[in-house]
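Novice: How does the following fold in three dimensions:
(chains A and B)
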Amino acid sequence: MLRIAESLETQLRAAMQRAFPDAAASGQGFDPQLAPASKPEFGDFQANGALPLAKPLGQPPRKIAEAVVEQLKADPAFTELCQDPQIAGPGFINLTLKPERLAAEVQARLGDQRLGVPAVEQAAPVVVDFSSPNIAKEMHVGHLRSTIIGDSLARVLEFRGHPVLRLNHVGDWGTQFGMLITHLKQVAPEALDTADAVDLGDLVAFYREAKKRFDEDEAFQTTSREEVVKLQGGDPVSLKAWGLLCDQSRREFQKIYDRLDIRLSERGESFYNPYLEGVVKDLDASGLLVVDDGARCVFLEGVSGKDGKPLPVIVQKRDGGFNYATTDLAAIRYRFGDAPQGDGARRVVYVTDAGQANHFAGVFQVARRAGWLPDGARLEHVPFGLVQGEDGKKLKTRAGDTVRLRDLLDEAVERAEADLRRRLQEEERSEDEAFITQVATTVGLAAVKYADLSQNRITNYQFSFDRMLALQGNTAPYLLYAVVRIAGIARKGGDLEAGSTAPLQFSEPQEWALVRELLKFDAVIAEVEEELLPNRLCTYLFELSQVFNRFYDQVPVLKAEGPARSSRLALCRLTADTLKLGLGLLGIPTLERM
RNA sequence: GGGGCUGUAGCUCAGCCGGAUAGAGCGACGGUUUCCUAAACCGUAGGUCGUGGGUUCGAGUCCCGCCAGCCCCGCCA
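Specialist: Numbers count the residues shown, from 1 in each chain, chains lettered A, B, ... in the order given. Okay, here's the model as predicted:
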């Protein structure tokens, strides 16, 4: 109902100006303060704009509201949309849309692939930087949040019509490669001679071994440091070893991405290697660079450290090497830069844990002051909290190790399968193994994703299989079940297309509640696009499912006749379409039966 | 020491840039099934929104102080 809200806002503002022409002439601003009604009994919208005018106009707010309402009633465009406005409380103006307008809005969405969500004009690219695991390390629950949230945000932005670059900023460069390559050369030298990639086995164990030797063996350390220099200098053998390690990791990461249906373009830290020097030069040229204690840095404005001195962002270490801040700066410059030496982005978002907030704030400030952001460009950190166990502490296995992502996904699917089998037995249903596997996989993975997405990302997130797989409450299974119910109606002879052409007729309060809920979808998408908070979409889908379940429980569909039947079928169809699309934007596929 | 985030019902959390009597879910208690999957629906109980000030018509929301928890703080990412 975004369009209607816009019309109402314009009409309200005009009505306020007509009601108080003198104040308008003397520059008094009028903000209708239009918002969705906070309660159903208040109608569809509420305008609170009369209250703040009481003082400047020297009149009681209710009287102001009355004057505005009088003007509204004289506006044919308004009376076509709304019933008579009601004034309530201290001076709220409550607006209720005419039933035929609501029905027409539903009708318009029935044939609409976009369900009323407008598509933006082909705009400049949006970069979503997410997931970003480190080469030779296992993906863990921390990456899960970034991956799931980032993917969902990318899907929403894509749906709105933005060209989205989903960038996987993998940790594929840096000092740790010195020890990895040195270790590789010593334990698997044959890998460097074969043309094809060689299976290096368990990379995580490999990493641990290398780390252990690095910590214990001084000669190994020295060789490792030399190896870093060789790699950065472009030594072919070192590069080959580096490539092998990256390939091996990539294969492992891809398994996870495939399972979760995540699409990502890898562009690791190494990509920006050729641009690092340019960053430092650029900063120097713009006069931001200061040499301090041998390191080249930019001192931040408004951020002071321990001794009260401004905090620096170090872009070149005393030994001449670059660090992650340099890489991040190079990435920002490249992403906002024009093609071919850049992505031409207008909005860049980073989905990383909240612990990096300071780092990004610093780096962003440097980028702005260096003048790398085009006018109107948005550069945003999208932080999220830690994943905690049910004890409120950082999530660990019973043995105290970091939880591996694939183990976590396996367990979710296994639990979903056990639940399903128990239910089948209780209900004396019989399904083939393919069905069970399919449902368990979908439900298990959906539960993991939805549990993560449904919480405001900024807070720490308490991970619980029991809660996320619960069949009731704000969970994936509950939402999936609503879709299944509608599919059931279709299976039992309900032609969901029936209402598309016939005129819609609603009589029951549950029908109107569902209509009103369905029409909120476009506003929710716009909000997620702006605020980058997927939990707003989850809340909406949950509420839609609740309203639908009430409707389903109390209003018969298949047993109804005539226009009531086709109208109800139309509501079912739009509900299913909205849930499928909404869940799709969360990266969650739906089921016909479960 | 400085900075960031968090603090809302027994538990897990919402709260849409200041609006009407603070909302869900779980758990607890009590109901509903000749009917489209009861994985549902209906009802009851449960809150001094950490705390003390301030701003104004109006504060969970904005500002300041304090308390508690988590995280970050120069050459790791």
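Novice: name the helices or strands packed onto the lengthiest strand in chain A?
Specialist: Using DSSP state E, we find that the single longest strand of chain A is strand A:295-304. Counting contacts by 3 or more CB pairs under 8 Å, 6 or more residues apart in numbering; DSSP states H and E, strand A:295-304 packs against helix A:276-285, strand A:289-292, strand A:310-316, helix A:357-369. To be clear about C-beta, it is placed using only N, CA and C from the backbone, and glycine gets the same treatment.
Novice: Dump those to CSV, plus mean pLDDT and mean neighbour count.
Specialist: Output for the helices and strands packed on strand A:295-304, formatted as CSV (pLDDT from 0 to 100; neighbours: other CB atoms under 10 Å):
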stretch, mean pLDDT, mean neighbour count
helix A:276-285, 95, 17
strand A:289-292, 92, 14
strand A:310-316, 91, 20
helix A:357-369, 94, 18
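Novice: Would you mind giving these as TSV with distance to A:R225 added?
Specialist: Below are the helices and strands packed on strand A:295-304 laid out as TSV (distance: least, CB to CB, whole Å):
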stretch	distance to A:R225
helix A:276-285	19
strand A:289-292	24
strand A:310-316	18
helix A:357-369	25
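Novice: And the pLDDT for A:F30?
Specialist: pLDDT for A:F30: 91.
Novice: wait, is it part of a helix?
Specialist: No - read with DSSP: H, G, I helix; E, B strand; the rest coil, A:F30 is coil and lies in no helix.
Novice: which ones are touching it?
Specialist: By CB atoms under 8 Å, 6 or more residues apart in numbering, the contact set of A:F30 is A:13, A:16-17, A:20, A:24, A:49, A:53.
Novice: filter the residues you listed to the buried ones?
Specialist: Buried subset of these (neighbour count, 16 or more other CB atoms under 10 Å): A:13, A:16-17, A:20, A:49, A:53.
Novice: what about the helices in the stretch 201-350 of chain A?
Specialist: Residue ranges of the helices in the stretch 201-350 of chain A, as given by DSSP state H, counting those that start in this stretch, are A:203-216, A:218-232, A:236-260, A:276-285, A:324-336.
Novice: how about JSON lines for the ones you listed, with distance to A:A377 added?
Specialist: Formatted as JSON lines, the helices of the stretch 201-350 of chain A follow (distance: least, CB to CB, whole Å):
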{"stretch": "helix A:203-216", "distance to A:A377": "38"}
{"stretch": "helix A:218-232", "distance to A:A377": "31"}
{"stretch": "helix A:236-260", "distance to A:A377": "29"}
{"stretch": "helix A:276-285", "distance to A:A377": "17"}
{"stretch": "helix A:324-336", "distance to A:A377": "6"}
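Novice: quick one: which of the buried ones among the contacts of A:F30 is nearest to RNA strand B?
Specialist: A:G49 (7.5 Å; CB to the nearest atom of the strand).
Novice: Just say helix, strand or coil for the closest one.
Specialist: coil.
Novice: circling back to that earlier point, can you flag which of the buried ones among the contacts of A:F30 belong to helices?
Specialist: Using DSSP state H, the subset of these located in helices is A:13, A:16-17.
Novice: Report the contact partners of the residue nearest the centre of chain A.
Specialist: Closest to where the C-alpha atoms of chain A average out (CA atoms, centre = their mean) is A:L153, at 3.0 Å. A:L153 makes contact with A:128, A:130, A:349, A:351, A:382, A:528, A:532, A:534, according to CB under 8 Å, 6+ apart.
Novice: cool, A:I458 as well?
Specialist: A:I458 sits in contact with A:354, A:383-385, where contact means CB under 8 Å, 6+ apart.
Novice: Next, format the contacts of A:L153 as a markdown table and append pLDDT.
Specialist: Putting the contacts of A:L153 into a markdown table (pLDDT from 0 to 100) gives the following:
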| residue | pLDDT |
| --- | --- |
| A:V128 | 97 |
| A:F130 | 96 |
| A:V349 | 96 |
| A:V351 | 96 |
| A:V382 | 95 |
| A:V528 | 96 |
| A:L532 | 96 |
| A:P534 | 97 |
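Novice: I'd like the helices and strands packed on strand A:295-304 as JSON lines, with distance to RNA strand B appended.
Specialist: Below are these laid out as JSON lines (distance: least, CB to the nearest atom of the strand, whole Å):
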{"stretch": "helix A:276-285", "distance to RNA strand B": "11"}
{"stretch": "strand A:289-292", "distance to RNA strand B": "5"}
{"stretch": "strand A:310-316", "distance to RNA strand B": "4"}
{"stretch": "helix A:357-369", "distance to RNA strand B": "4"}
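Novice: sorry, back to before: which among the contacts of A:L153 gets closest to A:C246?
Specialist: Relative to A:C246, the closest of those is A:F130; by CB to CB it sits at 18.8 Å.
Novice: Looking at the stretch 251-400 of chain A, which residue is nearest RNA strand B?
Specialist: A:K317 (2.7 Å).
Novice: Quick check: which helices or strands does the host helix or strand of A:V528 pack against?
Specialist: Taking DSSP states H and E as the criterion, A:V528 maps to helix A:521-531. Packed against helix A:521-531 by the contact rule (3+ CB pairs under 8 Å, 6+ apart) you find helix A:2-19, helix A:141-159, helix A:534-554, helix A:562-585.
Novice: Any idea how many residues pack against the nearest residue in space to A:A370 that is not next to it in sequence?
Specialist: Nearest non-adjacent residue to A:A370, counting by CB to CB, 6 or more residues apart in numbering: A:S286, 5.4 Å away. Using other CB atoms under 10 Å, the number of residues around A:S286 comes to 13.
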